[in-house]
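Participant: could you work out the structure for the sequence below:
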Amino acid sequence: MPETFPIRLSGVRRSFPALALFLTAALGGCSGGDFGRTRQDMRSDDMHRWLGAEATGSVGLKASQFQLTDNERQLRDLAYPLIEPPLSRPAWKSVWGDYQPLPSPWRQNVIFDRTAYGRALIDEPHRSHASRYSQLIGDVRDDITRFEQFYGGAIPVLELDRKRNATLAHISELSPRERADAAARMQENSLIVQWVQQCLERRVSSYRWALERLVLQAPDTMAADADRLISELAAQTANPPVTAKPVVERALTTRG
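Facilitator: All right, here's what the predicted structure looks like:
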């Protein structure tokens, strides 16, 4: 048996091996995944199914009871990283595996704060101003990659929905419930694409504000790379490869 060296914590005698075992179990049982990803035991195939229900519920529509297709599930999985605001999850939440549904933009009553990302970027401790530029450049570059992946998944979903809508009149013995669920699922998919589009517009606005403040406080040649990437993301956002038919017409406010 290894020799232990007792210490006193809050008046209670404990040993280093016991304390180490407790801390290991606590951290191992509650820690999140590496690189801020949600830990595996909190994941499931339909973990992002709530996106459709939240989108339709926020505009007074009912969610579909149909099971998700593979394409529809992938659409929701690809949408979430673009819907969650960048730098919105504190480091301790990533460590402890926090994951919560987000309200859709149609449910929010507050004006979008385009300064939130930039303030978080500037206020977070960094070794140098160059690391702040690197963070911004990395976030924008990641969004450009996600943009391509998301719309690559959205195109087949919306195309199949158009075919589904065209066949409704030709399906025999179609019940009112089946018709309602089919219509609801098409609305869900359309709203999710619109949701992502709004979030992309907001991200571009947030990134521009952050870059302006970085240039003001710590000018650097890295600003040119950041500006080029933000312009690329803005151009992609303004010209998406596919658009969803609006279910709700509502102007997007991108000024803080």
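Participant: so, low pLDDT: which residues of the stretch 51-200 of the chain?
Facilitator: Low-confidence segments of the stretch 51-200 of the chain (pLDDT under 70): 88-100, 108-110.
Participant: please, where are all the helices along it?
Facilitator: With DSSP state H, counting those that start in this stretch as the criterion, the stretch 51-200 of the chain has helices at 70-83, 91-95, 116-123, 129-167, 176-217.
Participant: export those as JSON lines, with columns for mean neighbour count and distance to Trp50.
Facilitator: C-beta: built from backbone N, CA, C; applies to glycine. Shown next, in JSON lines, are the helices of the stretch 51-200 of the chain (neighbours: other Cβ atoms under 10 Å; distance: least, Cβ to Cβ, whole Å):
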{"stretch": "helix 70-83", "mean neighbour count": "19", "distance to Trp50": "8"}
{"stretch": "helix 91-95", "mean neighbour count": "14", "distance to Trp50": "18"}
{"stretch": "helix 116-123", "mean neighbour count": "18", "distance to Trp50": "23"}
{"stretch": "helix 129-167", "mean neighbour count": "17", "distance to Trp50": "17"}
{"stretch": "helix 176-217", "mean neighbour count": "20", "distance to Trp50": "11"}
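Participant: now Pro86: how far from Leu214?
Facilitator: Distance of Pro86 to Leu214, computed by Cβ to Cβ, to the nearest Å: 15 Å.
Participant: before we move on, what about Leu121?
Facilitator: Leu121 is 8 Å from Leu214, by Cβ to Cβ.
Participant: can you list residues touching both of the two?
Facilitator: 132, 136 (Cβ atoms under 8 Å, 6 or more residues apart in numbering).
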